[in-house]
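1. Sequence first, predicted coordinates after that:
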Amino acid sequence: MKKAFVKSYGCQMNAYDAARMADVLGAEGFAATDSVEEADVVVLNTCHIREKAAEKVYSELGRLRVLKDERQARGLDTRIVVAGCVAQAEGAEIQARQPAVDVVVGPQSYHRLPDLLARSRERRVVDTDFPVEDKFDHLPRRRTPGPSAFLTVQEGCDKFCAFCVVPYTRGAEVSRPVAAVLAEAERLADGGVREVTLIGQNVNAYHGAGADAAPVGLAELVRAVAKIPGLARIRYTTSHPNDFDDALVRAHAEVPALMPYLHLPVQSGSDRILSAMNRKHTGDQYRRLIDRVRAARPDIALSSDFIVGFPGETDADFADTLRLVREVGFESAFSFKYSPRPGTPAAEREDAVPEAVMAARLAELQSLLDAQRHAYQRAAEGRVFEVLVEKTGRHPGQVAGKTPHLLAVQFDADPHHIGTIVPVRIVEAGTNSLFGQMVSEAVAA
C-alpha cells in the first residue's frame with residue numbers, strides 16, 4: 001500500500017488543512033504513516049507567519065532531498081509536496097531553492113492534490129491560484145479524528161496588519177455557508193466527536209449565508225452548532241478585537257456548550273504601536289472588551305498573542321504592554337520577537353529594534369506571562385473540573401484530557417474513558433499540565 005507522511009507547521013488552520021490533505025490522499029489509496037522514511041508522498045504544510053518557521057521548512061527540505069535520493073537508489077519513488085502559506089507566498093522560488101520539491105500548492109488548492117501529484121511525474125508543478133470553486137465542495141468525508149476536532153468555518157483576512165502576511169497568502173475573508181458547517185459538524189458528532197473548535201484566520205468575522213441567504217454571525221452559528229446531539233463542547237479561534245460584537249459576548253453567558261476560554265490577540269499594549277501595526281483598536285478598548293466578556297462569563301480563561309520589538313517600539317511602549325498584561329491577566333499567551341515578512345508594510349521600516357533589546361524584552365514579557373500561567377494552574381489545585389478525556393497519557397494506565405478552560409490534565413484511568421467527560425479533582429499543578437484523580441476514585445480512597 002502507498003503511504004503518505006503529512007507534517008504541519010503553525011496554527012490550528014494548518015492542522016485542519018493537514019488532516020484534510022491526509023483525507024484527500026487517503027481517498028486515493030494512501031495510508032497515513034508517521035515514518036517519513038517509508039513514505040511515498042511527503043507533504044510539508046507550511047506556515048509563513050514568522051521567519052524561522054519558513055527557514056525550518058527549507059532545512060527540512062534539505063533532509064528530505066537526501067532521503068529522496070536514498071529511496072530512489074533503492075528503486076522507490078518519493079514525491080515531495082510543499083503546501084500552505086510558504087507555498088502560496090514563495091511559489092516557484094521554493095523549487096528554485098530546492099529542486100527535489102515536486103509540487104508546490106497553496107492553501108486554497110490542496111483539494112487538487114491527486115491531480116497535481118499525477119502531473120508532477122512529467123514535470124514539477126506549482127498551483128498557488130485562488131480557485132473559483134470552493135475547495136470544501138471537493139474534499140472527501142473526514143476520517144473521525146477523535147473526541148476533539150477542528151472545523152474550519154472562515155478563511156482569509158481583510159485586516160492587513162502591518163506585520164502579517166495572511167491577507168496575501170490566504171486571501172480575503174470568506175465564510176462557509178451555515179448549512180455546510182452544520183453538516184460537517186453533524187458528521188463529526190456522528191463519528192464520536194464531543195468537542196468542536198470553530199476556526200478561521202479571523203473567526204469572529206464569520207458572515208456565512210444562512211437559510212435565507214442572509215449573513216449569519218459567529219454567535220448565531222455557535223448557537224446552531226450547540227443544538228447538534230452529541231456535541232458537548234464548542235470553542236472558537238482566532239478572533240480579532242474589532243469584530244467582537246455584543247451577540248458573541250451574550251453567547252458566552254447563554255450557551256452552556258460554549259467553553260469558558262477565549263484566545264483574543266492584542267499584540268501590544270501601546271496605542272502608538274497598535275496604530276503602527278494597523279490594528280485599529282487601542283489598549284483601553286481591549287480592556288473594556290475583556291471587562292464585558294468577564295461580566296458575561298466571570299470564570300472565562302484568557303489567552304492572547306504578543307509581538308515585542310515591532311519597529312519603532314520604545315521602552316515606554318514596551319512598558320505599556322507589561323502594564324496591560326498585569327491589568328488583564330492571562331491563563332496563557334504566545335509571545336514572539338518581531339520578524340519582518342517580505343511584502344508587508346512593516347518590513348519596509350528603517351527603525352528596527354536591536355536584536356539584543358528585543359531578546360531582553362521578550363524574556364521579561366515571557367517571565368511575567370509564565371508567572372501568570374503558573375499562578376492560574378496552581379489555583380486549580382483542589383478543584384474539580386469536568387475533563388474531556390482525549391487520549392492515553394504519557395505513562396501506562398494514564399489518560400489525558402482538557403478542562404473547560406483548556407488546561408491539560410493527566411490522571412490514572414482506564415482507556416475506555418476516552419471520549420467521555422468525567423469529573424477530576426486536581427491534585428498537583430505541573431509545569432505544562434495538571435495532574436488529577438477521578439472524583440469517584442478519590443472518594444473511594
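-> Thanks, I have it.
2. Quick one: the helices in the stretch 201-350 of the chain, in order.
-> Assigned by DSSP state H, counting those that start in this stretch, the stretch 201-350 of the chain shows helices spanning 218-225, 246-254, 271-276, 283-296, 315-328.
3. Export these as a markdown table, with columns for mean neighbour count.
-> C-betas here are computed from N, CA, C, even on glycine. Output for the helices of the stretch 201-350 of the chain, formatted as a markdown table (neighbours: other CB atoms under 10 Å):
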| stretch | mean neighbour count |
| --- | --- |
| helix 218-225 | 22 |
| helix 246-254 | 16 |
| helix 271-276 | 19 |
| helix 283-296 | 16 |
| helix 315-328 | 17 |
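4. Any figure for the gap between the closest residue in space to R141 that isn't next to it in sequence and R143?
-> In space, not counting the residues next to it along the chain, R141 is nearest to R187; the distance is 6.8 Å by CB to CB, 6 or more residues apart in numbering. Relative to R143, R187 is positioned 11 Å away (CB to CB, to the nearest Å).
5. do the same with R74
-> The span separating R74 from R143 equals 30 Å under the rule CB to CB.
6. So which of these two has more stuff around it?
-> Remark: of R74 and R143, R143 carries more neighbours, 14 against 6, as counted by other CB atoms under 10 Å.
7. Skipping its backbone neighbours, what lies nearest the more buried one in space?
-> Take R143 and drop its neighbours on the chain: the residue closest to it by CB to CB, 6+ apart is D23, 5.9 Å away.
8. burial count for the one you found?
-> Number of residues near D23 (other CB under 10 Å) recorded here: 18.
9. follow-up on the earlier one: would you say the residue nearest to R141 is within a helix?
-> Yes - the assignment for R187 (DSSP: H, G, I helix; E, B strand; the rest coil) places it in a helix.
10. which element is T197 on?
-> strand 195-199 (DSSP states H and E).
11. Same question for A360.
-> Secondary structure (DSSP H and E) places A360 in helix 355-378.
12. what angle do that helix and helix 315-328 make?
-> 10 degrees (axes from the mean of the first three to the mean of the last three CA atoms, to 10 degrees).
13. List the neighbouring strands of the following helix or strand past helix 355-378 plus their orientation.
-> Per DSSP H and E, the first helix or strand lying C-terminal to helix 355-378 is strand 384-392. The sheet places strand 384-392 alongside strand 398-402 (antiparallel), strand 421-429 (antiparallel), with pairing taken from DSSP bridges.
14. which parts of strand 384-392 are buried?
-> The neighbour-count check on strand 384-392 (16 or more other CB atoms under 10 Å) flags 385, 387-390 as buried.
15. How about stretch 35-54?
-> 36, 39-50, 53-54.
16. Relative to A213, which of those is nearest.
-> Sorting these by distance to A213 puts N45 at the head of the list, at 33.0 Å, by CB to CB.
17. For the nearest residue to E155 once chain neighbours are set aside, give its distance to P99.
-> Spatially, and ignoring its direct neighbours in sequence, E155 is nearest to V174 (5.3 Å; CB to CB, 6+ apart). Separation of V174 from P99 (CB to CB): 34 Å.
18. out of the two, which sits in the busier spot?
-> Between V174 and P99, counting by other CB under 10 Å, V174 is the more crowded of the two (16 against 11).
19. OK, contacts around that one?
-> 154-156 (CB atoms under 8 Å, 6 or more residues apart in numbering).
20. same thing with S433?
-> Listed by CB under 8 Å, 6+ apart, the contact set of S433 reads 400, 407-410.
21. got the end-to-end distance for stretch 121-129?
-> Terminal residues of stretch 121-129 lie 21 Å apart, using CA to CA, to the nearest Å.
22. low-confidence ranges in the stretch 1-150 of the chain?
-> Where the stretch 1-150 of the chain drops to pLDDT under 70, the residues are 49-53, 131-133.
23. where along it do the helices fall?
-> Per DSSP H, counting those that start in this stretch, the stretch 1-150 of the chain carries helices over the ranges 12-27, 51-73, 85-90, 92-97, 113-119.
24. what packs against the second one?
-> Going back to what we said before, that points to helix 51-73. Where contact means 3 or more CB pairs under 8 Å, 6 or more residues apart in numbering; DSSP states H and E, helix 51-73 is packed against strand 41-46, strand 79-84, helix 85-90, helix 92-97.
25. Please compute how far stretch 308-325 lies from its chain's middle.
-> In terms of CA atoms, centre = their mean, to the nearest Å, the centre of stretch 308-325 is found 25 Å from the chain centre.
26. between the strands paired with strand 384-392, which gets nearest to H138?
-> Proximity to H138 (CB to CB) singles out strand 398-402 among those, at 32.2 Å.
27. right, and L44 touches Y58 too?
-> No - the criterion here is CB atoms under 8 Å, and L44 misses it with Y58 at 10.0 Å.
28. what's the burial count for the nearest residue to L218 once chain neighbours are set aside?
-> In space, L218 comes closest to Y206 once its chain neighbours are excluded; the distance is 4.2 Å by CB to CB, 6+ apart. Close neighbours of Y206, defined as other CB under 10 Å, add up to 27.
29. Could you do D414 as well?
-> With neighbours defined by other CB under 10 Å, the count for D414 comes to 10.
30. List phi and psi for it.
-> Backbone torsions of D414, given as degrees, to the nearest 10, read phi -70, psi 140.
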